[in-house]
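>>> Predicted model and sequence follow; I will ask about them next.
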Amino acid sequence: MSRLVVVCGLLLSIAACANPVNRAVAGPVDVMRGEECRVACTNLGMELTQVVLIMNSAGCVCQVAPTSAPGSSTAPAERPAPQAGGAATAAGGAAIAAVAAEAQRQAAERARRTQEEEAQQQQQQQQQQQLQQQHRH
């Protein structure tokens, strides 16, 4: 539960600094990200299934490498295709959606405050004009 609170707090603090233009990837992506992920997965004894890009960050989605039965010679071409890392992709998408929603909420709040301030200024100006007219008569 406390981990969820920390993650939500981090997302909200990131949203406070969010650029109003929400892009999936900001700036060029280094072509070496895929190779770095492949090496990292291999070092863990796993296979790379996806590279997830979120803004300026890349994440590797690895899965356990399929093992062949003793005495069989399963060639890589005969192996089943790795399953997509749907959970990691969904989590990344949810993080992006949360940041975008918070940025929209903050933009709406700023617009509301601006309207309130303008209405107060107009009201003050009207009151000053009324006082000036009362002093003239």
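Nice, thanks for sending it over.
>>> Helices of this structure, start to end?
2-16, 32-43, 86-136 (DSSP state H).
>>> which stretches of this structure have low pLDDT?
1-27, 55-56, 67-90, 92-93 (pLDDT under 70).
>>> Surely residue 62 and residue 41 touch.
Yes - using Cβ atoms under 8 Å, residue 62 is in contact with residue 41, at 3.7 Å. For the C-beta atoms, the positions are set from N, CA and C on the backbone; glycine is no exception.
>>> Between those two, tell me which one has more neighbours.
When residue 62 is set against residue 41 and neighbours are counted by other Cβ atoms under 10 Å, the residue ahead is residue 62, at 21 against 18.
>>> who's that one bridged to?
With beta bridges defined as DSSP bridges, residue 62 has these partners: residue 48.
>>> show me the contacts for the residue lying closest to residue 46 once chain neighbours are set aside.
Closest residue in space to residue 46, ignoring its immediate chain neighbours: residue 62 at 3.8 Å, by Cβ to Cβ, 6 or more residues apart in numbering. By Cβ atoms under 8 Å, 6 or more residues apart in numbering, residue 62 lies in contact with 37, 40-41, 44, 46-49, 85.
>>> Closest one to residue 108 out of the residues you listed, please.
For the contacts of residue 62, the residue nearest residue 108 by Cβ to Cβ is residue 85; the value is 33.8 Å.
>>> number of nearby residues for residue 29?
Around residue 29 sit 13 other residues, with neighbours defined as other Cβ under 10 Å.
>>> how far away is it from residue 44?
The spacing between residue 29 and residue 44, counted by Cβ to Cβ, to the nearest Å, is 23 Å.
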